[in-house]
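[1] Predicted model and sequence follow; I will ask about them next.
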Amino acid sequence: MPLEVPPLPILRLQPILTALAATAVVVVLWVGGLFETPERASLVGRLLLRGPLPVPPDITLVVIDEASLAKYGQMPWDRRRFAALVDRLHRDGARAIGLDVAFNEPARNPAEDDALAGAIARAGNVVLPAYRAYLGSGGNTTLFKPLPRYERAAAGLGLAQFTTAQEFMYLALEPLQMEGHTLLPVMGLALARTAGWPVKTVAPGYLNPMGPAHHFKETSFADALAAPPGTFRNQVVLVGATAAGLPDTGFIGPFVARGPISGVELHATSLANLTRTGRLHRWPTPASWALLALLGILPGAWLASDRPVPMRRRLAWLAGSLVALGAIAQGLLLAGWWVELVPGVSLVTMTFVAGLASQQVRLMGDRARMLARYAGDLAIEAKHERERIDGELHDEAQQLLIALNRDLRKVRKLLETDPQEASSRLQEAEGLGKRILDEVMRVRKDLMPQTLSRAGLRAAVEEMATDYARRVEGLSIQVDLGDWNPDLDTVLESELYWLIKESLNNAVKHAQAGRIRLKLERRGRYVMMGVADDGRGFRVPALDREPTGPEHSGLHRMWLRAQALGGRLAIESAPGHGTRLELSVPVGGTGR
């Protein structure tokens, strides 16, 4: 199987420390509130993915829309018009009526107040709004209520604001709020109590958006008085403005495709949440921190590791982690839980980036050590090469020169006594001279093949294969160079030449191969070399560090050369099954 760096244990100290540091940073940012804005944006995206919720069929809105303004004119209207609507709803059998209109100042005509107060009293199920106003920047508030006669006639008051916070937070929902010494319900809760609908809970939570603007069943105020009898029977009816430009109509909800949502629709949403659909509950902080700690351990520690893992695998882990987080968050949202997604995404992304940085630092350190080792090994290899050349010159060329010198002395003596014998000895000396020249040329060719510098790598490789096949009996070498003719750096060509030579040496000397196939090609910005043989094979060592031992000396040199070139060495082999070696080197890896 291909040689890969084996995975390191997850309990290594470096990834755990890095993941813990990233978790600590995320917690500090979380506690500091820096995730709140992106988290709400994330929630909006998840709500859009979830889609609208079905609206309860017994909640109806009577809206002051553009058609109503065109029919009755601009606000404020004659309050007797509202009185007529309340009477109509009462006669139709509406369960509760919510007037989301401010009546906290007397009308110019007292008859208007008399008519509306009487209609509210006759209905007995009308909820009126109360508005909290903030005084200055000190947080002091005052409560604007309807006129006392309206308050006495109404079934109850409902707060128009959903939270006690000074800045209106669209998602927050506190069903019961303290104002002074009085505990007041929000409009939705007051209507539910008036209608006699059971309420799921009054604990603080968050609005669970039902859908876009105009998602609830609506009837225009202009058409409500003329609606067929029974239209509003057993309905909880909310009356309020939706026409653009009127107060309380410009809220931006998550479903923005159909424009801003109005306050009366928000009250209808709170009513539906409290009685039917349930609200959003934010995932408890201890549970969120526990989930964050779990992410820090896995996959955070894996992503933060400095081990040399292929980028595609890291990206797959990152993508898988983010998808899993999103799926968990979306599933909990469908169950009514708002789980913090941004801190988890931030932690996973931060550990991913930290892991990349740690890996690069480690690789740079490893590369520096490799280059230092490579330089040392080159010095040792040069010493061995000098000793080999010295031995070859001593064993062959030097002995031949001694014999040549001896023969020449004999020839000099024979020239005076036996010219014929001298001529014969000169012929022998000429043969010795030719053998010396051949030996010197062979040694020189081993040092630096002239074919490589003159004709290039292709010709040098073909010549090398021919020489091996001629010298080793029974050896067959198949060379596949295709249309090889790339423009390579001369240094890179020289390194590739010696790598090929080393691989052939290993196949012949150690593997005792009978057949060798050599392939060399250019793929994009990489040069690919492949050597396969039918030799003895061997148990392949792990190449996350240099191979050791005398049996791997050739492999050691190849590994060092590949690392120095920024390349990758992969080997497939097993005892008795031959060996396949693959090397990829980036073009320009040695620099020009």
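    Received, thanks.

[2] Low-confidence ranges, the stretch 51-200 of the chain, go.
    Scanning the stretch 51-200 of the chain for pLDDT under 70 picks out the ranges 135-139, 166-170.

[3] Please repeat the previous calculation with a cut-off of 80.
    133-141, 164-171 (pLDDT under 80).

[4] where do the helices sit along it?
    Assigned by DSSP state H, counting those that start in this stretch, the helices in the stretch 51-200 of the chain fall at 66-72, 79-92, 110-123, 148-153, 187-195.

[5] export those to a markdown table and tack on mean neighbour count and distance to Met210?
    Every C-beta, even on glycine, is put in place using the N, C-alpha and C of the backbone. Listed next are those as a markdown table, based on neighbours: other Cβ atoms under 10 Å; distance: least, Cβ to Cβ, whole Å:
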| stretch | mean neighbour count | distance to Met210 |
| --- | --- | --- |
| helix 66-72 | 15 | 23 |
| helix 79-92 | 19 | 22 |
| helix 110-123 | 19 | 26 |
| helix 148-153 | 16 | 29 |
| helix 187-195 | 26 | 12 |
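
[6] how about a markdown table for those helices, with distance to Pro299 added?
    Listed next are the helices of the stretch 51-200 of the chain as a markdown table, based on distance: least, Cβ to Cβ, whole Å:
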| stretch | distance to Pro299 |
| --- | --- |
| helix 66-72 | 54 |
| helix 79-92 | 58 |
| helix 110-123 | 60 |
| helix 148-153 | 59 |
| helix 187-195 | 42 |
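
[7] Break the chain down into its domains, please.
    Per automatic domain parsing, the structural domains of the chain span 13-49+284-364, 50-281, 455-592.

[8] How far away from the center of its chain is the second one?
    Distance of domain 50-281 from its chain centroid, counting by Cα atoms, centre = their mean, to the nearest Å, is 45 Å.

[9] for the first one, same thing?
    Here domain 13-49+284-364 is found 9 Å from its chain centre; the criterion is Cα atoms, centre = their mean.

[10] Quick one: mean pLDDT for that domain?
    Averaged across domain 13-49+284-364, the pLDDT comes to 86.

[11] What is the end-to-end distance of it?
    20 Å (Cα to Cα, to the nearest Å).

[12] ok so, going back, who wins for proximity to Arg132 among the helices of the stretch 51-200 of the chain?
    helix 187-195 (12.5 Å; Cβ to Cβ).

[13] what's the next helix-or-strand element following the closest one packed up against?
    Later in the chain than helix 187-195, the nearest helix or strand by DSSP states H and E is strand 205-206. When contacts are defined as 3 or more Cβ pairs under 8 Å, 6 or more residues apart in numbering; DSSP states H and E, strand 205-206 packs onto strand 172-173, strand 281-282.

[14] Ala190 is nearest to which of those?
    strand 172-173 (13.6 Å).

[15] That closest one - which strands sit beside it in the sheet, and in what orientation?
    strand 205-206 (antiparallel) (DSSP bridges).

[16] got the buried residues for the next helix or strand after the partner strand?
    The element immediately downstream of strand 205-206 (helix or strand, assigned by DSSP H and E) is strand 217-220. Buried residues in strand 217-220, counted by 16 or more other Cβ atoms under 10 Å: 218-220.

[17] And the helix or strand just after strand 217-220, what's buried?
    Where DSSP H and E defines the elements, the next helix or strand beyond strand 217-220 is helix 221-224. For helix 221-224, burial by neighbour count (16+ other Cβ under 10 Å) applies to 221-222, 224.

[18] Repeat that for stretch 482-497.
    So for stretch 482-497, counting by 16+ other Cβ under 10 Å, buried means 484, 488, 492-497.

[19] Please produce CSV containing those, extended by distance to Thr182 and secondary structure.
    Formatted as CSV, the buried residues of stretch 482-497 follow (distance: Cβ to Cβ, whole Å; DSSP: H, G, I helix; E, B strand; the rest coil):
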residue, distance to Thr182, secondary structure
Trp484, 91, coil
Leu488, 87, coil
Leu492, 85, helix
Glu493, 90, helix
Ser494, 91, helix
Glu495, 87, helix
Leu496, 88, helix
Tyr497, 93, helix
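
[20] Can you tell me which of those is closest to Gly474?
    For the buried residues of stretch 482-497, the nearest to Gly474 is Tyr497 (25.0 Å; Cβ to Cβ).

[21] got a list of what the residue of the chain most remote from its centre touches?
    Taking Cα atoms, centre = their mean, the residue of the chain most remote from its mean C-alpha position is Thr417, at 96.1 Å. Applying Cβ atoms under 8 Å, 6 or more residues apart in numbering to Thr417 gives no contacts.

[22] now do Ser270
    Listed by Cβ under 8 Å, 6+ apart, the contact partners of Ser270 are 162, 173, 175, 186-189, 207.

[23] Quick check: bridge partners of Leu173?
    What pairs with Leu173, by the bridge criterion (DSSP bridges), is Gly205.

[24] Next up, the contacts around His214.
    So His214 contacts 242, 258, 265 (Cβ under 8 Å, 6+ apart).

[25] what number of residues lie near Asn234?
    12 (other Cβ atoms under 10 Å).

[26] likewise Val585?
    Neighbours of Val585 (other Cβ under 10 Å): 24.

[27] Was I right to think it contacts Ala562?
    Yes. Contact criterion Cβ atoms under 8 Å: Val585 and Ala562 qualify, at 7.0 Å.

[28] what touches both of the two?
    Joint contacts of Val585 and Ala562 (Cβ under 8 Å, 6+ apart) do not exist.

[29] Can you tell me the SS state at Leu333?
    helix (DSSP: H, G, I helix; E, B strand; the rest coil).

[30] picking up where we left off before, of the contacts of Ser270, closest to Ala70?
    Met187 (27.3 Å).

[31] got the CA positions of the helix or strand Thr451 falls within in CSV?
    Thr451 belongs to helix 450-455 when elements are defined using DSSP H and E. Output of helix 450-455 as CSV, limited to C-alpha atoms (Å, rounded to 0.1, in the frame of the first residue of the first chain):
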residue,chain,number,x,y,z
GLN,A,450,28.8,13.9,-20.1
THR,A,451,25.6,12.8,-21.9
LEU,A,452,23.5,14.5,-19.2
SER,A,453,25.2,17.9,-19.6
ARG,A,454,25.4,17.6,-23.4
ALA,A,455,22.2,15.9,-24.5
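
[32] what does stretch 107-120 contact?
    78-80, 82-84, 86-87, 90, 103, 106, 126, 128, 147, 149-150, 153-154.

[33] 10 Å - rerun?
    76-90, 97, 99, 103, 105-106, 126-128, 146-155 (Cβ atoms under 10 Å, 6 or more residues apart in numbering).
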